[in-house]
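>>> Provided below for reference: sequence and predicted model.
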Amino acid sequence: MSLEKIEASVLKTVQSSGFSCKRCGKCCTREDGDNSVFLMPDEIQSIQLFLTQNKVQIHDSISIHPIHEKNNLSSSSFTVPLFPDFYSTKKNSPPSFDSRLIFKNLDLIRNQITTDGIIYTFGWMLKRTQNGTCVFLDPKTNICRIYPVRPLLCKTYPFYIDFYDMDPEKNKADVIECECDGLETVSVTEKNVSKEMAANLLERVFKEKNDYIKTKENFEKHGAELEKKTTEKYDFVQKAGQNFKNGFLKFVICDSTGISEVFLPWNEFYSDTEAIE
Ligand code: SF4
């Protein structure tokens, strides 16, 4: 596999996409559908540092208790455990957090729930407001308030590469396009934009692969509890649902740095107010 050749093929695809960001902010809201942003642990730490250095106030309401290995993600008021999307998508009405979707979502991940109703999940995502907008989007200006340290997923929107679709023999990678008003708006994407995008896309695909491998290792090391506690006969979705009715969800989160236990009041899944003051 030649990295130079792969990068050249990615660059070519991005250039011919005619992409030019229109600063519409749609990708940071739910306007075009699911806008969950997966976060890798080093991205969480960069954002935390940026918020501290810029003296940004964030309201911290999630209590995180690392269990097997400390993973230093204990003040993540802008993150929630990775979980299926929970915003309603009724036609002609604005998206809103819909707690009734919780049972449907629990059913989707039923093999990740223990008999105690603890949900095992694999990483983190950015917190959103009640209408599904990322907590870091300034609604007045459509500007990302953590722009210099925004996650790779945001930097590479509207493109992504699936590592498993990369063909090492052909030295090329298939670049997939997501819905975006900025596509095909210019005849050729600007050279600097294309170069930066291609570099970020490759950084993302390799980082995500490593993150996945380490997360899997951590799960294999510490996730035995899930196997011990899951059983065909037990209605664990109902147990997790009971926790939810009592006002919280219990998670064990495996990521590439370790494993954490989180007790999350369900209404902490979204932010009532914007996270930044
Ligand atoms: S971090 Fe920034 S770029 Fe990413 S979704 Fe939030 S506001 Fe948008």
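Thanks, I have the structure now. Numbering: from 1, shown residues only.

>>> list the buried ones in stretch 98-105?
Along stretch 98-105, the positions that meet the burial threshold by neighbour count (16 or more other CB atoms under 10 Å) are 101-102. Every residue, glycine included, has its C-beta placed from N, CA and C.

>>> now Asp107: phi and psi?
Listed backbone geometry of Asp107 is phi -70, psi -40, with angles given as degrees, to the nearest 10.

>>> ok, it touching Val237?
Yes - with contact defined as CB atoms under 8 Å, Asp107 counts as touching Val237 (5.6 Å).

>>> after the least confident helix or strand in the chain by mean pLDDT, next one along is what?
Ranked by mean pLDDT, DSSP states H and E, the weakest helix or strand in the chain is strand 63-69, scoring a mean of 42. If you walk from strand 63-69 toward the C-terminus, the next helix or strand you reach (DSSP states H and E) is strand 79-81.

>>> can you give the distance of that following strand from its chain's centre?
Here strand 79-81 is found 8 Å from its chain centre; the criterion is CA atoms, centre = their mean, to the nearest Å.

>>> give me the contact list for that strand.
Contacts to strand 79-81, defined as CB atoms under 8 Å, 6 or more residues apart in numbering, come from residues 39, 44, 62, 73, 119, 121, 123-127, 251, 253, 262, 264, 268-269.

>>> is it positioned near the ligand?
No - residues of strand 79-81 contacting the ligand under CB under 6 Å from any ligand atom: none, with a closest distance of 11.4 Å.

>>> strand partners of the next helix or strand after that strand, parallel vs antiparallel please.
Next in sequence after strand 79-81, counting helices and strands by DSSP H and E, comes strand 87-88. Strands flanking strand 87-88 in the sheet, each with its direction: strand 96-97 (antiparallel) (DSSP bridges).

>>> re earlier: who has more neighbours out of Asp107 and Val237?
Neighbours around Asp107 and Val237, counted as other CB atoms under 10 Å, are more numerous at Val237. The numbers are 18 against 13.

>>> helix or strand: which one has the more buried one?
helix 236-245.

>>> mind listing what's buried in that helix?
Taking 16+ other CB under 10 Å as the neighbour-count basis, helix 236-245 is seen to contain the buried residues 236-237, 239-241, 243-244.

>>> equivalent analysis for stretch 214-222, please.
Neighbour-count burial for stretch 214-222 flags 214-215, 218-219, 222 (criterion: 16+ other CB under 10 Å).

>>> okay, those residues in TSV with pLDDT next?
Written out in TSV, the entries for those read as follows (pLDDT from 0 to 100):
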residue	pLDDT
Lys214	92
Thr215	91
Asn218	85
Phe219	85
His222	73
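
>>> TSV for the residues you listed, including secondary structure and distance to Gly258?
Written out in TSV, the entries for those read as follows (DSSP: H, G, I helix; E, B strand; the rest coil; distance: CB to CB, whole Å):
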residue	secondary structure	distance to Gly258
Lys214	helix	10
Thr215	helix	10
Asn218	helix	6
Phe219	helix	11
His222	helix	8
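
>>> just those now: which is nearest the ligand?
Looking at the buried residues of stretch 214-222 and their distance to the ligand, the nearest is Thr215, at 21.3 Å (CB to the nearest ligand atom).

>>> got the contact list for the residue nearest the centre of the chain?
Residue closest to the average C-alpha location in the chain (CA atoms, centre = their mean): Phe38, at 1.6 Å. For Phe38, the set of contacting residues under the criterion of CB under 8 Å, 6+ apart consists of 82, 123-125, 151, 153.

>>> just the ones in helices from these, please.
Of the contacts of Phe38, the ones assigned to helices by DSSP state H are Leu153.

>>> closest one to Ser96 out of the contacts of Phe38, please.
Nearest to Ser96, judged by CB to CB, of these is Met125 at 17.9 Å.

>>> the closest one bridge partners, please.
In this entry, Met125 is beta-bridged to Phe38, Val80, by DSSP bridges.

>>> and it, what does it touch?
Met125 is in contact with 36-39, 79-83, counting by CB under 8 Å, 6+ apart.
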